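Enquirer: Take this sequence and fold it.
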Amino acid sequence: MASFQDRVIGALKLQPNTFEEVENDTTATGQAATVVVAAAVSRGLVSLIWLGSLGFSSGVTGFLLTLVLAPIGWAIGSWVLLMVGTKIMPGKNTQADLGQLLRVTGFACAPGLFGILGVVPILGILVGLALAIWQLIAMVIGVKQALDYDDTMKAVIVCVIAWVIMWIVMAIVGFMGIAGAGLGSRFM
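Expert: Residues are numbered from 1 along each chain as shown. This is a model prediction of the structure:
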């Protein structure tokens with residue numbers, strides 16, 4: 001069994017055997033959570049530094065919000081991937097549970113560990129885009145392994161469908177929050 005460090009490096013190198021290993025290691029969920037939170041810290045620090053340098057106090061709030069929302073998004077996203085991959089588009093060998101998806105998607109967040117590089121002026125945008133693409137590729141590899149797909153394109157489709165569902169849910173929740181805030185202000 002590989003060490004935590006070896007698993008993170010394997011995920012960064014997009015090695016399918018690393019994702020297969022964490023999928024099957026029920027003790028690796030905590031490690032996956034560590035990757036998710038560490039990546040959130042790395043990305044959140046960029047917002048904190050940029051907003052702080054511009055004189056905005058909201059940088060701390062944004063940083064803390066990132067730390068709270070990253071694990072929640074990870075859990076919900078993993079569940080959505082599980083539902084899409086096992087109920088809507090199962091493969092002939094698909095057998096997966098939430099723990100397996102949590103582990104592979106958690107380690108797929110490993111490129112986010114380099115999110116702090118987004119602080120570099122001008123290059124930060126390109127770094128952010130490169131990290132997003134790297135993380136998406138890691139996610140597809142992890143989903144392919146967790147759902148035991150023979151075809152990578154099926155994993156891509158499942159990831160796209162889950163992504164669309166997540167954006168719809170976030171839009172609805174965001175709209176409800178805005179509408180609720182507007183209604184609340186009228187009654188106070």
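Enquirer: contacting residues around the closest residue to residue 98 other than its chain neighbours?
Expert: In space, and not counting its chain neighbours, residue 98 is closest to residue 82: 5.5 Å by C-beta to C-beta, 6 or more residues apart in numbering. The C-beta positions use only the backbone N, C-alpha and C, and glycine is treated the same way. If you count contacts by C-beta atoms under 8 Å, 6 or more residues apart in numbering, residue 82 has them with 96-98, 101.
Enquirer: Ranking by neighbours, what's the top pick from these?
Expert: Counting neighbours by other C-beta atoms under 10 Å, residue 101 comes out on top of the contacts of residue 82 with 28 neighbours.
Enquirer: which residue sits closest to that one, ignoring its sequence neighbours?
Expert: Leaving aside its sequence neighbours, residue 101 is closest to residue 78 (4.1 Å, by C-beta to C-beta, 6+ apart).
Enquirer: Next one: the one you found from residue 161, what distance?
Expert: According to C-beta to C-beta, to the nearest Å, residue 78 and residue 161 sit 14 Å apart.
Enquirer: Now do the helix or strand that residue 104 is a member of, average pLDDT.
Expert: Element membership for residue 104, per DSSP states H and E: helix 98-108. Helix 98-108 shows a mean pLDDT of 98 in the predicted model.
Enquirer: Counting neighbours, what do you get for residue 71?
Expert: 14.
Enquirer: And it, how far from residue 154?
Expert: Distance of residue 71 to residue 154, given as C-beta to C-beta: 27 Å.
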